[in-house]
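Chemist: no FASTA, just this:
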């Protein structure tokens with residue numbers, strides 16, 4: 001799997017999602033299915049989008065005791081998605097249990113990545129709300145190293161941290177980066193952001209882009225612009 005743009009399909013219904021994907025005539029973009037859509041439609045929406053030929057990042061951010069995460073990942077392993085994720089804050093025992101649950105009888109499994117810190121979290125929030133007094137970079141690097149040591153394939157991080165993650169954990173350790181906006185787009189609720197071209201320069205492997213594509217007047221054109229800036 002090489003560099004790619006993942007579209008965050010943060011829609012409330014199956015109908016909205018499939019109608020959006022129908023506009024991509026002849027294209028099968030990589031898509032992210034998050035909590036809103038999954039909770040509304042359940043596993044059936046994953047199966048439908050997969051049947052249409054799309055790669056899927058199932059973004060459910062599991063975070064619970066190891067046994068619960070192991071069992072939950074076992075259920076998700078049957079959906080044949082390409083990437084799953086969890087919160088690195090759950091710790092190494094939870095992450096190792098997740099891999100056990102996600103691995104199928106034949107030894108295959110989706111890629112598993114860990115969320116380090118949400119891109120809506122800044123240093124002030126880290127210290128004031130979470131009582132984590134370490135610098136953001138140090139926290140993200142520690143979580144990334146713990147994820148790698150636990151056997152995971154990569155992390156979700158801000159594009160600002162992608163290069164440092166690769167320097168710390170190796171070039172093959174994936175960086176999947178939300179918080180990407182065009183230079184002329186609103187940041188919305190994101191705080192640690194870069195443009196697609198900046199994310200490319202800094203070493204992101206995958207960028208996750210939502211509203212700049214899904215809310216665009218011409219989503220296909222916005223997607224193609226994003227691919228051009230990041231992949232070409």
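Modeler: Good, I have the coordinates. Since the structure is predicted, the reported quantities are computational estimates derived from the model, not experimental observations.

Chemist: Specify the strand with the largest residue count in the chain.
Modeler: When the chain is parsed with DSSP state E, its longest strand is strand 56-62.

Chemist: what lines up beside it in the sheet?
Modeler: Strand 56-62 has the following strand partners under DSSP bridges: strand 30-33 (parallel), strand 83-87 (parallel).

Chemist: Run through who's touching the last one.
Modeler: In this case it means strand 83-87. When contacts are defined by C-beta atoms under 8 Å, 6 or more residues apart in numbering, strand 83-87 is touched by residues 56-63, 69, 73, 76, 94-95, 98, 102, 110-115, 156, 176. The way it works is simple: take the backbone N, C-alpha and C, and place the C-beta from them, glycine included.

Chemist: One more pass at 7 Å, please.
Modeler: Residues outside strand 83-87 that contact it (C-beta atoms under 7 Å, 6 or more residues apart in numbering): 57-59, 61-63, 69, 73, 76, 95, 98, 102, 110-115, 156.

Chemist: Can you say which of those residues are buried?
Modeler: 57-59, 61-62, 69, 73, 76, 95, 98, 102, 110-115, 156 (16 or more other C-beta atoms under 10 Å).

Chemist: What is the burial count for residue 230?
Modeler: Using other C-beta atoms under 10 Å, residue 230 is surrounded by 22 other residues.

Chemist: Could you do residue 28 as well?
Modeler: Residue 28, neighbours per other C-beta under 10 Å, totals 12.

Chemist: Spell out the residue ranges of the helices in the protein.
Modeler: 14-22, 35-41, 43-51, 66-76, 92-102, 123-128, 136-149, 162-169, 196-202, 211-214, 219-231 (DSSP state H).

Chemist: average pLDDT across the longest one?
Modeler: Put plainly, it is helix 136-149. The average pLDDT for helix 136-149 rounds to 97.

Chemist: possible to save the strands paired with strand 56-62 as JSON lines with mean pLDDT?
Modeler: Shown next, in JSON lines, are the strands paired with strand 56-62 (pLDDT from 0 to 100):
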{"stretch": "strand 30-33", "mean pLDDT": "98"}
{"stretch": "strand 83-87", "mean pLDDT": "98"}
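
Chemist: so which of the ones you listed is the most packed in?
Modeler: Among those, strand 83-87 has the highest mean neighbour count (mean count of other C-beta atoms under 10 Å), at a mean of 24.
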